[in-house]
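Enquirer: Okay, sequence plus prediction incoming.
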Number of protein chains: 2
Amino acid sequence: MKISKRTEAMQASPIRKLVPYADKAKKAGKKVYHLNIGQPDIKTPEVFFDAIAKFDNPVIAYSNSQGEKVMIESMVKYYKKHNMNFDYEDIIITQGGSEALIFAMFAVCDPGDEILVPEPFYTNYNGFASITGAKIVPITTKAEDGFHLPAKGEITKLINKKTKAILLANPGNPTGTVYNEAEINMIADIAHENNLFIIADEVYKEYVYDGEKFISFSSIEKVKYNVIITDSVSKRYSACGARVGSIASKNKEIIAGVMKLAQSRLCVATLEQVGAAALVDTPDEYMKDSYNEYKARRDVAYEALSKMEGVICKKPLGAFYVIVKLPIENAEDFALWMLTDFDLNNETVMFAPAEGFYATPGLGKDEVRLSFCIAVDDVKRAMEIFEAGLKEYKKTH
Amino acid sequence: MKISKRTEAMQASPIRKLVPYADKAKKAGKKVYHLNIGQPDIKTPEVFFDAIAKFDNPVIAYSNSQGEKVMIESMVKYYKKHNMNFDYEDIIITQGGSEALIFAMFAVCDPGDEILVPEPFYTNYNGFASITGAKIVPITTKAEDGFHLPAKGEITKLINKKTKAILLANPGNPTGTVYNEAEINMIADIAHENNLFIIADEVYKEYVYDGEKFISFSSIEKVKYNVIITDSVSKRYSACGARVGSIASKNKEIIAGVMKLAQSRLCVATLEQVGAAALVDTPDEYMKDSYNEYKARRDVAYEALSKMEGVICKKPLGAFYVIVKLPIENAEDFALWMLTDFDLNNETVMFAPAEGFYATPGLGKDEVRLSFCIAVDDVKRAMEIFEAGLKEYKKTH
């Protein structure tokens, strides 16, 4: 009696594997600044709680497999606000962005089929690939280029008969990179010319800074039927625990296929959908405040990082992450050492080694991902500690 | 650009495919009694709503991948009440019983591996098999035997090198069958002798009638490490829309494997877990009332069915379903005809053709599944209409 080989082969979360060491540090009385997680600290909008408090059905019944009516309507309204043209029948509500990505991969790939993904990428894409039997083929991007895409030929040479889709997060987690118009058009061209789906993970679309523009793949007419948008209320409304996401596509075959997957797991949690549906009416002020807050954190972090000796980091223009290249050999060892051996006035910093965000063996060993889900002053202090730690580590390693 | 073959090959829900015809009948002014769905009509216990109303964290944050602490503790307490010995570390909370079954199948099977399942079985098992690439090998059971298991040799002859597990629902959906001690021991022997996992879907354990006894597979010592219990709060607390289920196993390798799957989708909806955790404290009176209500419905339905000419139906001893063999050739055609061509004083009945609950081609064509999720008087009236419809259909077909 053995568990399946594919389950055994799955990697444990590289973000979470340092947790026991952080716990130990805390138990020993150290303060730990968390730059390792993507859990927003900002309050969930009141409209979420109000909608749930008003729910008056005495039975928590199954929702529809496509999604609770109010939630689908909410997404239609939301996309309209963003000039994204999706109708009621183009949308399926999912258990977070995670399930949206699993469904998308499953619907476009048979086992062994390939999906091109710019690396570094959100590490859970690996888990989704394991679950669906899809193979991730990385398009390598570099810290020195701000993780922008390579030339078209570098991408098209990776395409073969098994290639079914290109999957991109824009703005990027873990990079904070926002693709420009030329990059969006290049990907659309490649998909169009090679008959590939585009799975666009656009959950951070609200967080684009410095006058940069977010361009949804859904706006490119010639790939209208190639595009599958995966989305989630988690980050923009600080409602990660609601587990409400969605798939949107004008491709009826995709929607019909995903609907079968959705039916097999019956529905998404009813009450959280009722709450999430109201989030589209979150006051503009809330959205503006959280935008300004994330921008301020990024500014503070970037200002500090750009002055650190030997550190390579282009200014991230979106989301609330950045990948930083360090003048050391083993970033995982450094991350561990920060928790076990280092402190500045009894304080230290936790962050994610970046190797787990790459599919190409060996890449990312000298990089870390920082997230900005703590207050501006805490980010500032964490950067001071990070810099001091890095200096000390370089001396002793 | 085509969707994947495996997605294309998935069957649409046989329970839901008559829905458009029911909608049409209703639009035409007909009253439709729904014996087709497993959505309880009974109120969700107040403790669920109270716990959610008391939730005072201003951020709907990610829960733990294993589950919200209160929800895991609630399951430990629940199992203790049922003399099932599971500790905190043996339990992982899932997105409904559906995800529990998907995780269990994924964790024990590589693609193409086989799972033995008594047929007729809950039709969504097919969807879970499609998603996980597991192959369901049916153990055929018959209406004439009350869907009890065949002799040991009939089961062991289905076992080969690819067989990894036996999956059983006890009490059974769609059959209402409760396995007796001899059957439980036989399955345990087979699993023990052949090194197979037992995936036990025990979500209806509270609903066992007429002095029959529910025996959990977790109580059989010799298969302690073979057993994976999948569970859900959906049916016993009338909280299907909460999407809170669980996996429990003493097998640490299984739990570690499932934990990786759980991490990849981050967590189960936080607020619904908070509500579901409180359900273990549902007053005994609620549990007794809902038990008595389901029993009364079954009694009324069985009394009527047992008197209908040519209808084969053993008394179901558990859950709130029954599979009935009819003296006609095509039960799907009959179900459709009931919606489109028949009425008794402008009323008709909707039920599920049973063919979709079988894996063996051709079986179940003359059978239907009835569920008892409407009030006693409605079940009674529905049975009158069903009988009249059956007589009329036999005359004309």
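Expert: Cool, got the structure.
Enquirer: In space, not sequence, find me the middle residue of chain A.
Expert: Nearest to the mean C-alpha position of chain A, by C-alpha atoms, centre = their mean, lies residue A:173 at 4.3 Å.
Enquirer: list the contacts for that one?
Expert: A:38, A:122, A:204, A:319, A:321 (C-beta atoms under 8 Å, 6 or more residues apart in numbering or on different chains). The way it works is simple: take the backbone N, C-alpha and C, and place the C-beta from them, glycine included.
Enquirer: neighbour-wise, which of these leads?
Expert: residue A:319 (29 neighbours; other C-beta atoms under 10 Å in any protein chain shown).
Enquirer: Phi and psi next, for that residue.
Expert: Main-chain torsions, residue A:319, degrees, to the nearest 10: phi 60, psi -160.
Enquirer: List the contacts of it.
Expert: A:171, A:172, A:173, A:175, A:176, A:204, A:207.
Enquirer: Buried ones only from these, please, as a PyMOL command.
Expert: Here is the PyMOL command that selects only those of these that count as buried (16 or more other C-beta atoms under 10 Å in any protein chain shown):
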select buried, chain A and resi 171+172+173+175+176+204+207
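Enquirer: from the contacts of residue A:319, which is closest to residue A:98?
Expert: Nearest to residue A:98 among those is residue A:173, at 12.7 Å by C-beta to C-beta.
Enquirer: Now do that closest one against chain B, distance only.
Expert: Separation of residue A:173 from chain B (C-beta to the nearest C-beta, to the nearest Å): 13 Å.
Enquirer: Need the three-state assignment for that residue.
Expert: Secondary structure state of residue A:173, per DSSP: H, G, I helix; E, B strand; the rest coil, is coil.
Enquirer: so what's it scoring on pLDDT?
Expert: If you check residue A:173, the pLDDT there is 94.
Enquirer: Next one: it from residue B:180, what distance?
Expert: Relative to residue B:180, residue A:173 is positioned 53 Å away (C-beta to C-beta, to the nearest Å).
Enquirer: circling back to that earlier point, which of the contacts of residue A:319 sit farthest apart?
Expert: The largest distance within the contacts of residue A:319, taken as C-beta to C-beta, falls between A:175 and A:207 and amounts to 12.8 Å.
Enquirer: quick one, what contacts the residue of the stretch 51-200 of chain A found nearest chain B?
Expert: In the stretch 51-200 of chain A, no residue comes nearer to chain B than residue A:127, which is 2.7 Å away by C-beta to the nearest C-beta. Residue A:127 sits next to A:10, A:11, B:260, B:261, B:263, B:264, B:265 when contact means C-beta under 8 Å, 6+ apart.
Enquirer: Taking those, tell me the two that lie furthest apart.
Expert: Largest pairwise distance in those, by C-beta to C-beta, is 14.7 Å, between A:11 and B:265.
Enquirer: between these two, which one's more packed in?
Expert: Between residue A:11 and residue B:265, counted using other C-beta under 10 Å, the more crowded position is residue B:265 (24 against 14).
Enquirer: Measure how buried the residue of the stretch 251-397 of chain A found nearest chain B is and give me the count.
Expert: Closest to chain B within the stretch 251-397 of chain A is residue A:264: 2.7 Å, counting by C-beta to the nearest C-beta. Applying other C-beta under 10 Å, we find 23 residues neighbouring residue A:264.
Enquirer: From residue A:69, how far off is it?
Expert: On the measure of C-beta to C-beta, residue A:264 and residue A:69 end up 21 Å apart.
Enquirer: Repeat that for residue A:221.
Expert: 29 Å.
Enquirer: And for residue A:106, the neighbour number?
Expert: 25.
Enquirer: Residue numbers of the stretch 201-350 of chain A in contact with chain B?
Expert: The stretch 201-350 of chain A comes close to chain B at residues A:225-226, A:238-244, A:251, A:253-254, A:257-258, A:260-261, A:263-272, A:275, as judged by C-beta under 8 Å from any C-beta of the partner chain.
Enquirer: switch to 6 Å and redo it
Expert: Within the stretch 201-350 of chain A, the positions near chain B by C-beta under 6 Å from any C-beta of the partner chain are A:238-243, A:253, A:257, A:260, A:263-266, A:269-272.
Enquirer: Weed out the non-buried ones from these.
Expert: A:238-243, A:257, A:260, A:263-266, A:269-272.
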